[in-house]
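Participant: 3D, please:
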Amino acid sequence: DGIKPALERRRARPLTGRTCRELDTLENGRLKPLSECVQANTIGVTTVALDRDNRIIARFRRVNDAHVRPDDQQKRLGAMPEGWHCFSSGVLEWSDIEDAAATASAAKFCDGLMEGMRREIWYETGFARDSDEYSIVPYAFARELKRPGKPQFFFLTRFHRMTAEDVCARIAEHHSTGRVHEPGEYG
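Facilitator: Numbers count the residues shown, from 1 in each chain. Sure, this is the predicted structure:
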């Protein structure tokens with residue numbers, strides 16, 4: 001049919017001098033399935049945290065070489081290999097918003113975003129998803145230029161009764177007991 005000649009034409013075109021958008025466009029003008037694209041196809045979630053006194057809780061991000069294999073993804077902290085970073089961040093999983101996409105529900109999409117953010121807080125700090133020690137609210141959406149235009153949802157996390165020192169001590173405790181699922185990314 002017409003598929004084989006289109007594939008041969010696409011293979012014959014040089015890769016150099018073409019944009020990622022061009023590389024991800026099929027002959028018929030449609031975008032490739034996400035699983036085949038060369039571009040980053042993730043939606044980020046990230047949060048800034050405030051303690052009970054409205055002080056910002058920032059974390060210093062760096063690879064802990066002592067605990068990282070040479071081929072580990074943490075050796076490739078792409079956009080920000082070292083420096084001050086938000087309280088918690090990660091990638092939204094398709095399962096977070098799958099139902100919202102199927103039903104075109106904005107409310108379910110927002111719920112999925114919140115769940116994705118709660119999961120990342122849990123993975124990186126050990127604070128439970130359903131903890132009453134903090135609350136989160138969405139506050140912005142942008143395309144992050146340091147991460148080649150990645151769409152990113154920003155949240156604000158507020159700890160109701162804990163100081164910044166209390167929060168950091170609790171994270172250290174969670175880390176020492178193995179409750180943190182993604183250890184080693186933060187110094």
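
Participant: shaky segments in this structure?
Facilitator: Applying pLDDT under 70 to the chain flags residues 1-16, 34-35, 40-41, 62-81, 144-149, 183-187.

Participant: do you have the strands of it handy? List them.
Facilitator: Remark: strands assigned in the chain by DSSP state E are 44-50, 56-57, 59-61, 83-85, 88-91, 134-144, 150-159.

Participant: go through the longest one and flag the buried ones.
Facilitator: Of all the residues in strand 134-144, those buried under the rule 16 or more other Cβ atoms under 10 Å are 134, 136. To be clear about C-beta, it is placed using only N, CA and C from the backbone, and glycine gets the same treatment.

Participant: tell me which strands that strand pairs with, and in which orientation.
Facilitator: Sheet neighbours of strand 134-144, with direction, are listed as strand 150-159 (antiparallel) (DSSP bridges).

Participant: go on, the first one?
Facilitator: Taking DSSP bridges as the criterion, strand 44-50 forms sheet pairs with strand 56-57 (antiparallel), strand 88-91 (antiparallel), strand 150-159 (parallel).

Participant: before we move on, the earlier item: pipe the strands of the chain into JSON lines and attach distance to T125 per row.
Facilitator: Shown next, in JSON lines, are the strands of the chain (distance: least, Cβ to Cβ, whole Å):
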{"stretch": "strand 44-50", "distance to T125": "9"}
{"stretch": "strand 56-57", "distance to T125": "10"}
{"stretch": "strand 59-61", "distance to T125": "9"}
{"stretch": "strand 83-85", "distance to T125": "13"}
{"stretch": "strand 88-91", "distance to T125": "6"}
{"stretch": "strand 134-144", "distance to T125": "10"}
{"stretch": "strand 150-159", "distance to T125": "10"}
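
Participant: quick one: closest of those to L23.
Facilitator: For the strands of the chain, proximity to L23 was assessed by Cβ to Cβ; strand 150-159 is nearest, at 17.1 Å.

Participant: so how many other residues sit close to H175?
Facilitator: For H175, the count of nearby residues is 16 (other Cβ atoms under 10 Å).

Participant: if you could redo that for D96, that was the one I meant.
Facilitator: 22.
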